[in-house]
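below are the sequence and a predicted model; questions follow.
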Amino acid sequence: MKQRIPITKMKSYARNKSIALTDTSMESTASLNKFLINLADVFLFIGRVFRNTFSRGFEFKEFLKQCFQIGNKSLGLISVTGLIIGLVLTIQSRPVLVNFGAVNMLPSMVAISLIREMGPVITALICAGKIGSSMGAELGSMRVTEQIEAMEVSSTNPIKFLIVPRVVAATVMIPLLVLYADALGILGSWAGANIKGDVNFVLFITQAFGKVVFMDFIPAFIKTFFFGFVISMVGCYKGFNAGRGTESVGIAANSAVVMASLLVILVDLFAVQITDLLL
Amino acid sequence: MSTENKNTEAVIDIKDLKISFGGNEVLKGVSLQLNKEENLVVLGKSGTGKSVLIKCIVRLLKADSGTIEVLGDEVNGAKREELEETRKKIGFLFQSGALYDSMTVKENLEFPLRRIKKDLSEEEISQKVNEVLENVGLPDAIDKMPSELSGGMRKRISLARTIIVDPAIMLYDEPTTGLDPVTSNEISMLINDIQEKYKTASIIITHDIECVRTVADRIIMLKEGEVYKEGSLAEFESDSDPYISSFFKSQSLKNQK
């Protein structure tokens, strides 16, 4: 009978191989092996998370707690960021539009760029830093101090209790944070427009949304769910699979932020391409 | 305590257990039995596979080959549901205590209880929490966070969290490591108290000889992933083998000068 080799074993085998080999071509083969094994490990982890999300016994209390942690506790940071982005976009764009005599286009231009791109991406990057690192560090320290193992021996599936609520909460809360950031961005833009002029709020909002169509909003909103999913999944994966020792906690948090930020940009690229092809 | 008075019915039966990590063979065919209501000490230097052995018993690590029977149920090849049922009968005290940092002592104690004994009422849960805290001598710690506790208190609370579900078997991973001699002795005495009160069978992983002297009914010594010697405390203390006597001989190099 063919024996199934656990992924942890394959990982340690690949690690040993890459240390032992000296020949360059063999080294690159070992690196490729290691990369493929790690990739398989990521997909297995995602598979486990999906299986546990849709199986019986969703941890609703833990989900609400995570919603509070991700949503409510990020509000301050997202408020400041949203306001400033709107303000800066307006201040930067105004002189160019004045040159073309198109200053009345300013509100709608800022609104479209905020809704389609700036709001989602900047919020996701801020969340990658804040939420990704906190998930990586928290789960990493739980791994290092054997809390995850303690959970397992208490007949509690750690994927179901720790990972699923975090991933679902981030996938739900990050789109809401993006909407909030967009709203505050437009408010910031109005403030910016009033620095060198006197614009009525109702007029500003009317002009801002005058050019925004439904299809500006929907694809941008859909991609924010993927941002939330990617950020939380990376944070949880890095933390859950942290190595031994306190150093691993820092590594898990750091690599979670780097990988999540990169993936946010890549997801954005794919989302823009797909939207462009479909519309 | 003497081995003669104990029941010889095996609650854990391990046969030819092998596990390796990346070509490094950690356990090379370990076989052992844990009898009912017995304190079995597994002794050995660091890196001989003691912790790996007990992690295999609850399948936190999966052995490459061999069988592990816990109360008649095979663990190594068990399905997830079967494994969870077996795990409910085992208490595991981790070396670091492994208290959940984000929860209070009360929530830490309630966590396994709510998940393993789902039919208990709120009143019964509260009663059980107070009872185990009383048993480990820390009734006032109920609302504290783990970060507010000392090393010895953390160990006691971890022990309380482990015994709260009335396990038939206890596995202790270096219970006295990192503690001062007085607290170590208190923890060792607590292990004996728990064994007497809850009638548990225990495997205690340690290299603390004072702890061995206090708790051991029987000792198994591991060396390089294999069972090196098995016997009673008296047999180990009178053994002239240099490897064994190096553990039991109290040394004071400074006074020998």
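Alright, I've got the coordinates.

for the residue nearest the centre of chain A, what are its contacts?
In chain A, the residue lying closest to the centroid (Cα atoms, centre = their mean) is residue A:231, at 3.0 Å. Contacts for residue A:231 (Cβ atoms under 8 Å, 6 or more residues apart in numbering or on different chains) come out as A:124, A:127, A:128, A:131, A:132, A:170, A:174, A:260, A:263, A:264. Where you see a C-beta, it was placed from the backbone N, CA and C, and this is true even at glycine.

return the per-residue confidence for it.
pLDDT for residue A:231: 96.

from residue A:112, how far off is residue A:210?
From residue A:210 over to residue A:112 the distance is 11 Å, taken as Cβ to Cβ, to the nearest Å.

please apply the same query to residue A:73.
Distance from residue A:73 to residue A:112, by Cβ to Cβ: 30 Å.

between these two, who's got more neighbours?
residue A:112 (20 against 12; other Cβ atoms under 10 Å in any protein chain shown).

could you export the helix or strand where the more buried one lies as CSV, CA atoms only?
Using DSSP states H and E, residue A:112 sits in helix A:106-113. Only the C-alpha atoms of helix A:106-113 are listed here, as CSV (Å, rounded to 0.1, in the frame of the first residue of the first chain):
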residue,chain,number,x,y,z
LEU,A,106,-13.0,67.8,-8.9
PRO,A,107,-15.7,66.2,-6.6
SER,A,108,-16.6,63.4,-9.1
MET,A,109,-13.0,62.7,-10.0
VAL,A,110,-12.0,62.3,-6.3
ALA,A,111,-15.2,60.2,-5.6
ILE,A,112,-14.5,57.8,-8.5
SER,A,113,-10.8,57.4,-7.7
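
what residues sit buried inside that helix?
The neighbour-count check on helix A:106-113 (16 or more other Cβ atoms under 10 Å in any protein chain shown) flags A:106, A:107, A:108, A:109, A:110, A:111, A:112, A:113 as buried.

now those residues as TSV including distance to residue B:187?
Formatted as TSV, the buried residues of helix A:106-113 follow (distance: Cβ to Cβ, whole Å):
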residue	distance to residue B:187
A:106	71
A:107	69
A:108	70
A:109	69
A:110	65
A:111	65
A:112	66
A:113	63
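
can you redo the residues you listed as JSON lines with distance to chain B and pLDDT?
Output for these, formatted as JSON lines (distance: Cβ to the nearest Cβ, whole Å; pLDDT from 0 to 100):
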{"residue": "A:106", "distance to chain B": "47", "pLDDT": "90"}
{"residue": "A:107", "distance to chain B": "45", "pLDDT": "92"}
{"residue": "A:108", "distance to chain B": "46", "pLDDT": "92"}
{"residue": "A:109", "distance to chain B": "45", "pLDDT": "93"}
{"residue": "A:110", "distance to chain B": "41", "pLDDT": "93"}
{"residue": "A:111", "distance to chain B": "41", "pLDDT": "94"}
{"residue": "A:112", "distance to chain B": "42", "pLDDT": "94"}
{"residue": "A:113", "distance to chain B": "40", "pLDDT": "94"}
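
so which of those comes closest to residue A:189?
The shortest gap between residue A:189 and any of the buried residues of helix A:106-113 belongs to residue A:110, at 4.4 Å (Cβ to Cβ).

burial measure for the nearest residue to the closest one once chain neighbours are set aside, as a count.
In space, and not counting its chain neighbours, residue A:110 is closest to residue A:189: 4.4 Å by Cβ to Cβ, 6 or more residues apart in numbering or on different chains. Counted with other Cβ under 10 Å, residues neighbouring residue A:189 total 29.

check residue A:54 too.
8.

same question, residue B:150
11.

cool, and residue A:124?
Residue A:124 has 31 nearby residues by other Cβ under 10 Å.

cool, and residue A:35?
11.

is there proximity between the helix or strand where it lies and chain B?
Using DSSP H and E, residue A:35 falls within helix A:24-54. No: applying Cβ under 8 Å from any Cβ of the partner chain, one finds helix A:24-54 separated from chain B by no less than 11.2 Å.

what packs against that helix?
In terms of contacts (3 or more Cβ pairs under 8 Å, 6 or more residues apart in numbering or on different chains; DSSP states H and E), helix A:24-54 is packed against helix A:7-20, helix A:164-193, helix A:214-240.

tell me which of those helices lies nearest to residue A:147.
Judging those by Cβ to Cβ, what sits closest to residue A:147 is helix A:214-240, at 11.4 Å.

residues contacting stretch A:179-191, please?
Under Cβ under 8 Å, 6+ apart, the answer for stretch A:179-191 is A:75, A:78-79, A:81-87, A:89-90, A:106-107, A:110-111, A:114-115, A:118-119, A:122-123, A:199, A:201, A:204-205, A:208, A:221.

give me the buried subset of those.
Using 16+ other Cβ under 10 Å, the buried members of the contacts of stretch A:179-191 are A:78-79, A:81-83, A:85-87, A:89-90, A:106-107, A:110-111, A:114-115, A:118-119, A:122-123, A:199, A:204, A:208, A:221.

of those residues, which belong to helices?
A:78-79, A:81-83, A:85-87, A:89-90, A:106-107, A:110-111, A:119, A:122-123, A:204, A:208, A:221 (DSSP state H).

what residues does the stretch 151-279 of chain A have near chain B?
So the stretch 151-279 of chain A meets chain B at A:152, A:153, A:154, A:155, A:156 (Cβ under 8 Å from any Cβ).

from these, pick the one nearest residue B:39.
Nearest member of these to residue B:39, counting by Cβ to Cβ, is residue A:153, at 19.8 Å.

residue B:86 is in contact with the closest one, correct?
No: in this structure residue A:153 lies outside contact range of residue B:86 using Cβ atoms under 8 Å: 10.4 Å.

neighbour count for these two, which is higher?
residue A:153 (25 against 22).

which element is the closest residue to the more buried one other than its chain neighbours on?
Leaving aside its chain neighbours, residue A:153 sits nearest to residue B:92 (4.5 Å; criterion: Cβ to Cβ, 6+ apart). Per DSSP H and E, residue B:92 falls inside strand B:90-93.

next secondary structure after that strand?
Criterion used, DSSP H and E; the element after strand B:90-93 is helix B:105-116.

pull out the buried residues from that next one.
B:105, B:106, B:108, B:109, B:110, B:111, B:112, B:113, B:115, B:116.

what comes into contact with it?
A:154-156, B:88, B:99-100, B:103, B:120, B:125, B:128-129, B:132-133, B:138, B:141-146, B:149, B:157, B:160-162, B:164-165.

mind checking which of the residues you listed are buried?
A:154-156, B:88, B:99-100, B:125, B:128-129, B:132-133, B:138, B:141-142, B:146, B:149, B:157, B:160-162, B:164-165.

go through the residues you listed and flag which are in helices.
B:125, B:128, B:129, B:132, B:133, B:157, B:160, B:161, B:162.

from chain A, how far out is the residue most central in space within chain B?
With the centre of chain B defined as its mean C-alpha position, the nearest residue by Cα atoms, centre = their mean is residue B:172, 1.5 Å away. With the distance defined as Cβ to the nearest Cβ, to the nearest Å, residue B:172 ends up 13 Å from chain A.

residue B:237 too?
Counting by Cβ to the nearest Cβ, the gap from residue B:237 to chain A is 32 Å.

what sits against that residue?
By Cβ under 8 Å, 6+ apart, the neighbours of residue B:237 are residue B:248.

who's residue B:220 bridged to?
residue B:42, residue B:230 (DSSP bridges).

pretty sure it contacts residue B:38?
No: using Cβ under 8 Å, residue B:220 is not in contact with residue B:38, being 11.5 Å away.

pLDDT score for the residue of the stretch 101-250 of chain B at minimum distance from chain A?
When scored by Cβ to the nearest Cβ, the stretch 101-250 of chain B has residue B:112 as its residue closest to chain A, at 4.0 Å. Note on residue B:112: pLDDT of 91.

now do residue B:122
Reported pLDDT for residue B:122: 91.
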